[in-house]
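Participant: what would the 3D arrangement of this be:
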Amino acid sequence: MTSGLMLILALVITILFIVIVTSKFKMHPFLALILASYLLAFMGGIPTAKVADAINSGFGGTLTSIGIVIIAGCIIGTILEKSGAAIKMADVVIKLVGKKRPALAMSIIGYIVSIPVFCDSGFVILSSLNKSLAKRTKTSMVTMTIALSTGLYATHTLVPPTPGPIAAAANLKVENLLLVILVGMVVAIPAALVGYLFAIKQGPKYTSKFDAEDNLDTYEAELEKKGKLPSAWKSFAPIIIPILLMAIGSIAGFPSNPFGKGVFKTICVFFGTPVNALLIGMFFSFTLLPKFNMETLNEWVGASIKDAAIILVVTAAGGSLGNVIKQTNVGTYIGQSLSGLNLGIFLPFIIAAALKTAQGSSTVAIVTTSALMYPLLPSLGLSSVMGAVLVVAAVGAGAMTVSHANDSYFWVVSQFGGLDVKTAYKTQTVGTLLEGIAAILMVYILSLILL
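Facilitator: Got it, this is the predicted structure:
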């Protein structure tokens, strides 16, 4: 195995390779990611006989975790769009927040939804509403995409019942989960706000492939074409039902067992599993079909599966790269190198950010960093209950810094938002960097007040 600084250099070369071949030479992201995986595997010293296994297992593991979720989400999105339900949802949201603040609406929705729901699943679920709202208000699709993405990301790494923060609390021996939730929600507010401000300032400078598509038909023309729109309940049900199921399932999985340990908990956890919840949402979307025939059950669904295929292979290829990075142990090296520095509340942030940037998974960054930090709490003066809670928040802030090519969420956002790789780096990656900085500054301010 290659070690030390050479691993970091290999990782930097790999990232530059992806950016250059996709932006300058217009290589398809799937090919770029697979080639980058091989490049890093050889530079990182993975034995030749194990390179293919590392790439295959990363590809297959990603499909296992999110494949059906993406397919079900695409089917829901297609039906919402073709049935006119997406237009109805956009109208309802506009009536609540006004035409001047659609990006703020999506940021707030993302902030709330990602408390019980993984940000990947949340973005898939909300993408059709996001696209329709962009068309309805003539807002930049890039602006809407980044507002939603950063809103989802803000609470994803900071607020239980998302598994990452729960695991961090457990590793740091914090039993008061309610305190972790409250502090996490407070820290997530400036993170989401910074993401929103970045989206509205930078988003209009870039274009999405959906911007051109949406200009083909005005909103009024689309409305006339659809005729009578579905009811608000039927329109929102395919989105709201999965979110509620996942929220209940997450609560049922709390260590305190609020629903007990019996059959009811088992049922809640089963239906709250993202793949099961999304499939139930998909079946609710079938109530929006104007009729059950070859066109709706075959052509509509078939078209959505074709759309999902591109997203699936790109996201899975990102999983291959992520697994190769994991196999090289570059993340472990970075974490161990930083753990010896005495940086107070900023230390868990820096370690988590380095791990997140290096290996792509926020959850892995949170779990690893929190485990490293527990024995260091006394020497950092953070061994109190509030000190440990703030460390959980600092770890979460680091775990959102940054989302780039080795993060499956990066590819979900870029593909569902219609962003090319270069644009995704300038928006999604930079946006999550600013979010992380805003979050750790909020944690630092809280430490001055509460410790």
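Participant: who are the packing partners of the strand or helix carrying residue 70?
Facilitator: Taking DSSP states H and E as the criterion, residue 70 maps to helix 48-83. Other helices and strands packing on helix 48-83, by 3 or more CB pairs under 8 Å, 6 or more residues apart in numbering; DSSP states H and E, are helix 29-43, helix 85-97, helix 119-137, helix 232-252, helix 274-285, helix 301-328, helix 408-417. Just so you know, the C-beta spots here come from the backbone N, C-alpha and C atoms, and that holds for glycine as well.
Participant: tilt between the shortest one and helix 119-137?
Facilitator: In other words, helix 408-417. In terms of direction (axes from the mean of the first three to the mean of the last three CA atoms, to 10 degrees), helix 408-417 departs from helix 119-137 by 30 degrees.
Participant: also the first one?
Facilitator: Between the direction of helix 29-43 and that of helix 119-137, the angle (the same axes, to 10 degrees) works out to 150 degrees.
Participant: from the chain's centre, how far out does helix 29-43 sit?
Facilitator: 22 Å (CA atoms, centre = their mean, to the nearest Å).
Participant: could you do the fourth one as well?
Facilitator: Going by CA atoms, centre = their mean, the spacing between the C-alpha centre of helix 232-252 and its chain's C-alpha centre is 18 Å.
Participant: quick one: average pLDDT of it?
Facilitator: Mean pLDDT, computed over helix 232-252, is 85.
Participant: could you give the angle of it to helix 119-137?
Facilitator: 160 degrees.
Participant: switch to numbering from 669
Facilitator: Yes, from this point I'll number from 669; that puts the last item at helix 900-920.
Participant: tell me the helices and strands packed up against helix 900-920.
Facilitator: Of the remaining helices and strands, those touching helix 900-920 by 3+ CB pairs under 8 Å, 6+ apart are helix 716-751, helix 753-765, helix 787-805, helix 931-940, helix 942-953.
Participant: can you rerun that using 7 Å?
Facilitator: Where contact means 3 or more CB pairs under 7 Å, 6 or more residues apart in numbering; DSSP states H and E, helix 900-920 is packed against helix 753-765, helix 787-805, helix 931-940, helix 942-953.
Participant: repeat that for the first one.
Facilitator: Under the contact definition 3+ CB pairs under 7 Å, 6+ apart, helix 697-711 sits against helix 673-691, helix 716-751, helix 969-996.
Participant: follow-up on the earlier one: buried sites along the helix holding residue 738?
Facilitator: 719, 722-723, 725-727, 730-731, 733-751 (16 or more other CB atoms under 10 Å).
Participant: what's the closest of the helices and strands packed on helix 900-920 to residue 679?
Facilitator: Nearest to residue 679 among the helices and strands packed on helix 900-920 is helix 787-805 (22.8 Å), distances taken as CB to CB.
Participant: could I get the closest one in PDB with only the CA atoms?
Facilitator: Extracted C-alpha coordinates of helix 787-805, given in PDB (Å, rounded to 0.1, in the frame of the first residue of the first chain):
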ATOM      1  CA  CYS A 787     -30.800  13.600   1.900                       C
ATOM      2  CA  ASP A 788     -30.300  11.300  -1.200                       C
ATOM      3  CA  SER A 789     -33.900  10.000  -0.800                       C
ATOM      4  CA  GLY A 790     -35.200  13.500   0.000                       C
ATOM      5  CA  PHE A 791     -33.800  15.000  -3.100                       C
ATOM      6  CA  VAL A 792     -35.200  12.200  -5.300                       C
ATOM      7  CA  ILE A 793     -38.600  12.600  -3.700                       C
ATOM      8  CA  LEU A 794     -38.700  16.400  -4.000                       C
ATOM      9  CA  SER A 795     -37.000  16.800  -7.400                       C
ATOM     10  CA  SER A 796     -40.300  16.800  -9.400                       C
ATOM     11  CA  LEU A 797     -41.800  19.500  -7.200                       C
ATOM     12  CA  ASN A 798     -38.500  21.500  -7.400                       C
ATOM     13  CA  LYS A 799     -38.500  21.300 -11.200                       C
ATOM     14  CA  SER A 800     -42.200  22.300 -11.500                       C
ATOM     15  CA  LEU A 801     -41.700  25.200  -9.100                       C
ATOM     16  CA  ALA A 802     -38.800  26.500 -11.100                       C
ATOM     17  CA  LYS A 803     -40.900  26.500 -14.200                       C
ATOM     18  CA  ARG A 804     -43.900  28.000 -12.400                       C
ATOM     19  CA  THR A 805     -41.900  31.000 -11.100                       C
END
